[in-house]
Each structure stands twice: as C-alpha cells, then as structure tokens.
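Undergrad: How does the following fold in three dimensions:
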Amino acid sequence: MVVKQNKTVSNSARVSKSAIVGYYGVGNYGDDLFCAVLSRLYKRVLPLVQATFVSSPIRDVDAHYIVRGRLRERLFRSSGVPGALTRTAYGLEALRRSDTVVLGGGSVLSSVSGVRGVQKRLMRLRPRRLVGAGVSIGPFARPADAVPVNEFLRGFSVVSVRDRRSYDHAEALGLPGLVTLSGDLAALYVPPSSPVDLSGRGDFGLAPCPFPGFNLERHMHYLGVLAEELHGRLSDAEPRVTVFALNGHPRSGDEGLAHVTAQHLVGLGVHARVLTYRRLGIARTWDEIGELSGLLSTRLHGAITAYLQNVPFALFEYHAKCHDFCDDIGQANVRRLPPNSCDRRLRVAIRSLSTPDSPHLSIASYRARCESAWGSGTSDPGSLATLGR
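TA: Modelled structure (predicted):
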C-alpha cells in the first residue's frame, strides 16, 4: 500500500513519485526478490515518496502496483506478444507519471533496444532522474553495442552496479552521476520473523535452468553423476534432493525441467521432490534454500540466496552475470562450473559441498557494502536517500 504523507508536511507540497521498473510479477524468484527489497527500502529511507512498481501484485510484497484486476494481471503475466505489449504499455504509463525512474535489480544493460529504446525516447519528453539499482553493464556482443548503453547511462543520477566488472566499466566512462558498487540487492532482503514449517532440512538442493544452449541429455547424465556421489556419501540411507523451480514462466521457466529432473532422480534411487517458487512465494523459497546441506545451481539467485545464508553452493556459469558474481565474492574455483563440465570436475564440485568452506568475501562484508550504498543501515543515508532531496 502507498505510504501517505506525514501530517506535518504541507498539503500543498507535491508528492515525489518513483516508478520501479524491472521484470517483475511474472513468476521469477530473483526479480520478485528485488521488489521486496526496494519496497522496504523506500518505506525506510524515503517514506514520503510514492513508489509504484510496474508489476502485478507479488505475494509477500506489500507495495503499490500499477497493474490491478484479475484480467489485467493475467494479461500482464502472459507470454508472447500480448504480454510484452501489455507490460510495455504499463511501463510507459508509469514513466509518464513519475519524477524518478528506477531500473531495479536484475537489469542487464547489454544493449538499448526494445522496451528500453522506447523508455529512452520517452525520457527526453521532460526531465527525470534515472537510477540504476543493482544493475549489470554488458557484456557486449559487439563494441558498437556499448555505444548506446554508454550514452543511456550518462543520463543517470545514480548507477549502482552489482559486480566489479560493471563498476570498472562505469568508472571508465567518467559518468556525471554517482557510481557505486553495491552488489546484488538480494543482500538487503529481510525475511519475515514468523517461523515456517520447513520439511526439507538437510536436503541437497538443485536449481536447474533451461538456458540458451541447454542440453537435456547432458543434464540427465549429470544427474546420474550426482546420484552416484550422494549414494556414496550416504551408503545406508536414501539420499534426499529438493529440486527448485525458481522461474514459473510458461515458456522460459523451470517447472517442466524441475519435474523431469525429480522423476529421473527417483529412478536412480534418490528421494526427490519439487518446490516451485510460484507456490511458495519469496519468503518460503528463501527459507527452504537456507535449510539445504548444499546446492548445485544454474539459477543465479538460487546461488545468491544460498551464499547469503551460508549454504555451500556450486554454480553453473552459463551467463556472464554468474561469472561476475563468483568473481565478486571470491568463490572457490572448484565450485565454479562451465555448462559443459566434465564428469570429474562435477564430482569434485559436489564433494566440495560437504565441507563448510566459504567464499573469500564474507556475507557480512557483502551486506555491509550494499547497506552503505542504499541506506538501509542506521548511520549512512546511502545513495537512495539523495533522490528525496
């Protein structure tokens, strides 16, 4: 719900408005997690700013959403051209009404095309503050692709990036706005204090993803390697695996793959179950990952959630953002897997997850860096607070 103005503020004072733009409300855990974080940040740091999320309502997130009504929400979440056009229309409407536009969370700025091209043209209609919150810059397929992105970034008041490579790129541009290295916004997530009934304590976790170039046959082979390793670790007990579907999108999501994965593991003598983000919501998904004994993940925010709760994880680095995150935290090389890893490398990674070794960058340091950048701590107002001035 919208935070209302304090009564001490003059009724004639104009309320500042922010539009929070991202790939929200379509069933992706990582992106929806950013909504939870940004909603809390606005309420704590900028309580007099009306923040509107370009999204349909998200479970576990109390916020002001531009999309309301069952039919509109269903259309907004739909796949294909109708869904894309609907999301674009709502995004442009929010931009038209707002003083500040925040690209929040997982935005990967590797080209300015499609919706962002439209947004960029709209920005020229009247002055607006642009903020990049926890974004990644690049990588670029061609040097020419960097040119429009660099031009776009020069219009930002704040560019807060989530990895060192993006920070170095932004610094090299000499941007006029504030540039900070905050890390991933998930570091600021605060789960509800109420306890939940968790049934998978000590399970080994999988978070698969049908990424571009994904090979199902290779994936099934890897499951055989995993089953052998888990059986070897627990010679007298049936291994237990929780398979997470962190993206519920009907086309690019994980649910079909998660069920196929679990069925295959059952055939290999492993007790396997599927947990879907669409059914669990943010808080329960976060807690379930936090109870694992280890996680083998392809989804970046499966790995980030594990890291932030001190759960040993190995990550298939199918995208540069995965590589950049592991670089940023100093993840051990043995737990960094290319998508086409050999059996030996996969076995070594799985075995390493039975030890409590942590990445070089501590969780406390990672969180402190993000808190300093965004003002969720007690002493530093952070860069977000500058938008309320």
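Undergrad: Where do the domain boundaries of this structure fall?
TA: 17-190+365-388, 204-358 (automatic domain parsing).
Undergrad: number of nearby residues for the closest residue to residue 82 other than its chain neighbours?
TA: Nearest non-adjacent residue to residue 82, counting by Cβ to Cβ, 6 or more residues apart in numbering: residue 75, 6.4 Å away. No exception for glycine: its C-beta is placed from N, CA and C like everyone else's. Summarising burial for residue 75: neighbours were counted as other Cβ atoms under 10 Å, giving 17.
Undergrad: Between the two ends of stretch 264-271, how far is it?
TA: With Cα to Cα, to the nearest Å applied, stretch 264-271 spans 10 Å between its terminal residues.
Undergrad: Helix, strand, or coil at residue 191?
TA: Residue 191 falls in the coil class when you classify it by DSSP: H, G, I helix; E, B strand; the rest coil.
Undergrad: Could I get the contacting residues of it?
TA: Contact criterion Cβ atoms under 8 Å, 6 or more residues apart in numbering gives 283, 286-287 as the residues in contact with residue 191.
Undergrad: Swap in 6 Å and give it another go.
TA: Taking Cβ atoms under 6 Å, 6 or more residues apart in numbering as the criterion, residue 191 is in contact with 283, 286.
Undergrad: Can you give me the distance of it to residue 295?
TA: Residue 191 sits 17 Å away from residue 295, going by Cβ to Cβ, to the nearest Å.
Undergrad: Excluding chain neighbours, what is closest to residue 338?
TA: Taking Cβ to Cβ, 6+ apart, and ignoring the residues beside it in sequence, residue 338 has residue 317 as its nearest neighbour in space, at 6.3 Å.
Undergrad: and that neighbour, how many neighbours does it have?
TA: 22.
Undergrad: How confident was the prediction at it?
TA: pLDDT, residue 317: 97.
Undergrad: Could I get the full set of strands for the stretch 151-300 of the chain?
TA: Counting by DSSP state E, counting those that start in this stretch, the stretch 151-300 of the chain has these strands, from start to end: 156-161, 178-181, 204-207, 240-245, 271-276, 294-297.
Undergrad: Who are the packing partners of the last one?
TA: Packed against strand 294-297 by the contact rule (3 or more Cβ pairs under 6 Å, 6 or more residues apart in numbering; DSSP states H and E) you find strand 204-207, strand 313-316.
Undergrad: hang on, isn't the residue nearest to residue 82 packed against residue 86?
TA: Yes: with contact taken as Cβ atoms under 6 Å, residue 75 and residue 86 are classed as touching, separated by 4.9 Å.
Undergrad: returning to what we had before: could you say which helix or strand contains the residue nearest to residue 82?
TA: Residue 75 belongs to helix 70-77 when assigned by DSSP states H and E.
Undergrad: What lies in contact with that helix?
TA: Against helix 70-77 from outside (Cβ under 6 Å, 6+ apart): 26, 56, 67, 86.
Undergrad: Closest one to residue 175 out of the residues you listed, please.
TA: residue 26 (30.4 Å; Cβ to Cβ).
Undergrad: quick one, what contacts that closest one?
TA: Applying Cβ under 6 Å, 6+ apart, the residues near residue 26 are 77, 249.
Undergrad: Roughly how far does it sit from residue 172?
TA: Following Cβ to Cβ, the distance that separates residue 26 from residue 172 is 34 Å.
Undergrad: And residue 251, by the same measure?
TA: When distances are taken as Cβ to Cβ, residue 251 and residue 172 turn out to be 37 Å apart.
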